[in-house]
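K.L.:
take a look and give me a structure for this.
(one chain, ligands or ions: 3)
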Amino acid sequence: MRCVWAVAACLAGLAALPNAGFAGEGLQAKTPEKSTALIRLNGVGSGIGYVPASLGVLLGDGTVRPLFVEDGQVDFGAPQPMRGGQQVRPHNILPDGEITHGTNDIARAWLTDPTQRYAHGVLGDAIEAGGLVLEGRAGRQFHYLLDSGTVFEDRRVRLVDLDGNGRDEAVVIQSYLDEGAALSVFALGADGVDVVSEVPAIGRLNRWLNPVGAADFDGDGVIELAYVETPHIGGKLRLYEFRDGRLVFDVAASGFSNHAIGSREQDQSAVVDWNGDGIIDIALPDARRRALRVVTFANGQFRELAHIAHTHKIVSAVRAGVMGADEDVFIVHILADGTLHAVPVPGGV
Ligand SMILES: [Ca+2]
Ligand SMILES: [Ca+2]
Ligand SMILES: [Ca+2]
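P.N.:
Ligands and ions are numbered 1, 2, ... in the order given. Reported below is the predicted structural model:
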């Protein structure tokens, strides 16, 4: 028998549930083992993609239970091994680093050269990366080493073609020991890793930022990189356009957080066309992570499209999931009490 606990079935007890009666809240289910690890079944991919994916929850024994929707209820399939769990890890990789996979000129990328020279520790430990590797399609690996004044305060290299030239850019959080975090863009050149552009560092040590996504968020035909600056102390969602090979500030809005200090989970945001107007929108927690906000920058105007309040903190990733026979798309996230919320995307995708 499947472990099911869905709001739609809890007729008598509905009044006691958080947010009961709010039509936009979507489906709910208690996760097995109160798991709060919401993962993509196909792994981390390019590390920044916005294509909705099949999702599952990770259990304590390392198995995964896939998520699906049937008869209006969200449910969990039988435990299965995690895909890619037995991969050989490259030499010198960051201990908790992830390998990302590109679809263009860069086949794989990862962070390297573990170092303790930046005692900040927002990502689960004080071991950060001192370099990165970009591996080309032919298997040749190119190593980029930072100088001693900076680290990659991150767990992955995100691969995305920001300018549409068929070659990926590599996006990674770089923290300066005296000026805090910046968002840096690299590319694979003929002889090695090229530095392309960088969002200016925040300006104070121990200030951090966490990426959200890359898409044309305002609809002007140019891709923006979105991130939350200082997600632990009242975060600002900032968008930088990638124009003529440079990152240029575009627009910002306040009141967000996409990371809990000390957590290894960096995916507390999803990008999806919520309202079906053809422009990608952003779903992420509010500054206290007690609500999910869906916002748009369509035509350069910031607007909140949905605000879903919760009685417990959002502690999992926030992901766009494909579930059910009709391949409906939901924004999925798990609260601190183990309740999973799957909010249907009203505009489709
Ligand atoms: Ca490119
Ligand atoms: Ca744009
Ligand atoms: Ca939209």
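K.L.:
got the phi and psi for the most centrally placed residue in the chain?
P.N.:
In the chain, the C-alpha nearest the mean C-alpha coordinate belongs to Asp267, at 2.6 Å (CA atoms, centre = their mean). Main-chain dihedrals, Asp267, degrees, to the nearest 10: phi -100, psi 40.
K.L.:
near Val345, how many other residues are there?
P.N.:
24 (other CB atoms under 10 Å). Yep, even glycine has a C-beta here, placed from its N, CA and C like the rest.
K.L.:
give the contact list for it.
P.N.:
Going by CB atoms under 8 Å, 6 or more residues apart in numbering, Val345 touches Val272, Asp273, Trp274, Ala320, Asp328, Val329, Phe330, Ile331.
K.L.:
make it 10 Å
P.N.:
Val345 is in contact with 26, 52, 270, 272-276, 281, 283, 294, 306, 320-321, 328-331, counting by CB atoms under 10 Å, 6 or more residues apart in numbering.
K.L.:
hang on, the earlier thing: thought the residue nearest to the centre of the chain was touching Ile314?
P.N.:
No. Applying CB atoms under 10 Å as the test, Asp267 and Ile314 come out as separate, 11.5 Å apart.
K.L.:
overlap of the contact sets of those two?
P.N.:
With CB under 10 Å, 6+ apart, Asp267 and Ile314 have common neighbours Asn258.
K.L.:
spit out the contact partners of the residue nearest to Val57 when sequence neighbours are not counted.
P.N.:
Closest residue in space to Val57, ignoring its immediate chain neighbours: Ser35 at 4.3 Å, by CB to CB, 6 or more residues apart in numbering. Applying CB under 10 Å, 6+ apart, we find Ser35 in contact with Gly56, Val57, Leu58, Leu59, Gly60, Val64, Arg65, Phe76, Ser316, Ile334, Gly338, Leu340.
K.L.:
try it again at 7 Å.
P.N.:
Applying CB atoms under 7 Å, 6 or more residues apart in numbering, we find Ser35 in contact with Val57, Leu58, Leu59, Gly338.
K.L.:
count of neighbours near the first one?
P.N.:
Okay, so that is Val57. 26.
K.L.:
assumed it was part of a helix.
P.N.:
No. Val57: not assigned to a helix; according to DSSP: H, G, I helix; E, B strand; the rest coil it is strand.
K.L.:
is it in a bridge, and if so with what?
P.N.:
Val57 has these beta-bridge partners by DSSP bridges: Leu38, Arg65.
K.L.:
my guess is it contacts Arg65, does it?
P.N.:
Yes. The pair Val57 / Arg65 is scored as a contact, 5.5 Å apart, by CB atoms under 7 Å.
K.L.:
touching both of these two, which residues are there?
P.N.:
Going by CB under 7 Å, 6+ apart, residues that sit against Val57 and also against Arg65 are Pro32, Phe76.
K.L.:
leaving out chain neighbours, which residue sits closest to the residue nearest to the centre of the chain?
P.N.:
In space, Asp267 is closest to Ala317, 3.9 Å off (CB to CB, 6+ apart).
K.L.:
state the distance from the one you found to ligand 1.
P.N.:
Applying CB to the ion, to the nearest Å, the value for Ala317 to ligand 1 is 26 Å.
K.L.:
relative to Tyr118, how far out is that residue?
P.N.:
25 Å (CB to CB, to the nearest Å).
K.L.:
what does Glu169 give?
P.N.:
For Glu169 relative to Tyr118 (CB to CB), the value is 24 Å.
K.L.:
fine by me, we can end here.
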